[in-house]
Structure formats: structure tokens, C-alpha cells
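after the sequence you'll find the predicted model.
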Amino acid sequence: MIPADQALARLREGNQRFVESLAKEDAMVSRRLSLCQDQKPFAIILGCSDARVPAELVFDQGLGDLFVIRVAGNIVAPSQVGSVEFATERFGVRLVVVLGHTQCGAISATIEQLLKPVETQSRNLQSIVDRVRPSIEGLLHTELRNDPKTLALHGMRANIGVSVSHLRHGSVVLEKLIREDGLRIVGAEYSVQTGAVTFLDGSCPVD
């Protein structure tokens, strides 16, 4: 465990290196300054907070390219819907990607809670588990219950699908943009083992 003071120092040093690297590259300086007045991200990524899945690195994008929303389990709650609505309306973004990933802690925590409830779990953590729960419960009544790794994989994919569906059908604003203005909301699966992203539409890969 890294003490808080040491962690804070590491962040400060990292930002200093970032600022120094910007100053050395004219293109980066120009890019940063152009973003002071406005931003024009081309995609919205609703992803998990997992430290192994930073969207900008995963998709090899730079400053101002992505509007990133991160929350444990890439769940969709009102604040996430509002954030997506904001970016689609304010910046004209027409692609939303719900990015789940293998070895997701929120999926594991939900499976553990369903198999062996923990009464001492905090109310805030329980709110995340409760949103992931509908994706997992049905799978526990299948043979997947006896195969933890496959159960977690299917649970992660089902959870992506639920989040995609919530965004597609849980917002009047987004429904209208889908129907009339070309908004597309897709799921994607990131492999922490390989680094590859597979784009999904329902249960099928998309081009």
C-alpha cells in the first residue's frame, strides 16, 4: 500500500513531467491551447473505473478526443445518463461506447454478494451491486454457476448489454437523437490480458 502523501507526490511529479513534455512539442502546445476555449470529442466512452482500463490509452487518443465517464462496473445511473446527454447535445458527439472489461471487480463483487450476501457491505457499494445484479441473477440458475471464470465473463457481457439498453431506451433525449440524428450506442469488451477491444451490438461483434 502506498501512503497518501507518497501517492500525492507521485501525481504532482507526473503532472510536472506532463507540463514539461507539452512545452517541448509545438503541436501539443497548440492542441492544449486550442482546447482552452472549446472541446470537440468525437466519441463518448462510458467505462469502468478500473485502473487497468484508461480509455485514452486503450484507444490511443489524445487531449480533447474523448469524453470519458468512468464508474465502477460501467453502470448506468441518472448521473451517467445526464453526462451522456450533455456531451451529445453540447458537443454533437454521435457515438457512445459502453466499455466493459474482463476481470471486472464490480462483476466479481456482485457474484460474491449473490452467492453469499454480506450484511456489512456499505450502502454506497451496495448501490453499484444492485445495478449489476439484474445482469447476473439469471446466469446463476444455469450451469455457469459451476464455472466461475465463464460466469464472470458472461456476466460482464450481460452487464454491458444492460447498460447499452438503458442508454438507448432510458432517455427521451438520447432516443430522439438515435431516431433522428444518427446517434449510435454500442457496447465493447476490453481484454486486460491482450489489450484488445471487441465492439459489440447485443451479443454480436460489429464492424
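Done, it's in.

can you list phi and psi of P54 for me?
phi -80, psi 120 (degrees, to the nearest 10).

please parse the chain into its domains.
The record's domain parsing of the chain by automatic domain parsing lists 1-37, 39-205.

what would these look like in a markdown table with mean pLDDT and mean neighbour count?
Backbone N, C-alpha and C define where each C-beta goes, glycine included. A markdown table is the format used below for the domains of the chain (pLDDT from 0 to 100; neighbours: other CB atoms under 10 Å):
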| stretch | mean pLDDT | mean neighbour count |
| --- | --- | --- |
| domain 1-37 | 81 | 10 |
| domain 39-205 | 92 | 17 |
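
list the contacts of the spatially most central residue of the chain.
Taking CA atoms, centre = their mean, the centroid of the chain lies closest to G47, which sits 0.4 Å from it. Counting by CB atoms under 8 Å, 6 or more residues apart in numbering, G47 touches 53, 55, 68-70, 74, 97-101, 190.

from the residues you listed, pick the one nearest L139.
Nearest to L139 among the contacts of G47: G100, at 14.8 Å, using CB to CB.

three-state assignment of the closest one?
Recorded secondary structure, G100: strand (DSSP: H, G, I helix; E, B strand; the rest coil).

thought it was touching R157?
Yes: counting by CB atoms under 8 Å, G100 touches R157, with 7.1 Å between them.

any shared contact partners between these two?
187, 189.

was I right about V97 contacting F42?
No: with contact defined as CB under 8 Å, V97 does not count as touching F42 (11.1 Å).

now the strands for the protein?
Applying DSSP state E to the chain gives strands spanning 43-47, 66-70, 95-101, 184-190, 197-201, 204-205.

what sits against the closest residue to R52 other than its chain neighbours?
Closest residue to R52 apart from its sequence neighbours, by CB to CB, 6 or more residues apart in numbering: V192 at 5.1 Å. With contact set as CB under 8 Å, 6+ apart, V192 has these partners: 50, 52-53, 101-103.

ok so, going back, tabulate the strands of the chain (CSV), appending distance to A7.
Shown next, in CSV, are the strands of the chain (distance: least, CB to CB, whole Å):
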stretch, distance to A7
strand 43-47, 22
strand 66-70, 18
strand 95-101, 23
strand 184-190, 25
strand 197-201, 29
strand 204-205, 39
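
good, wrapping up.
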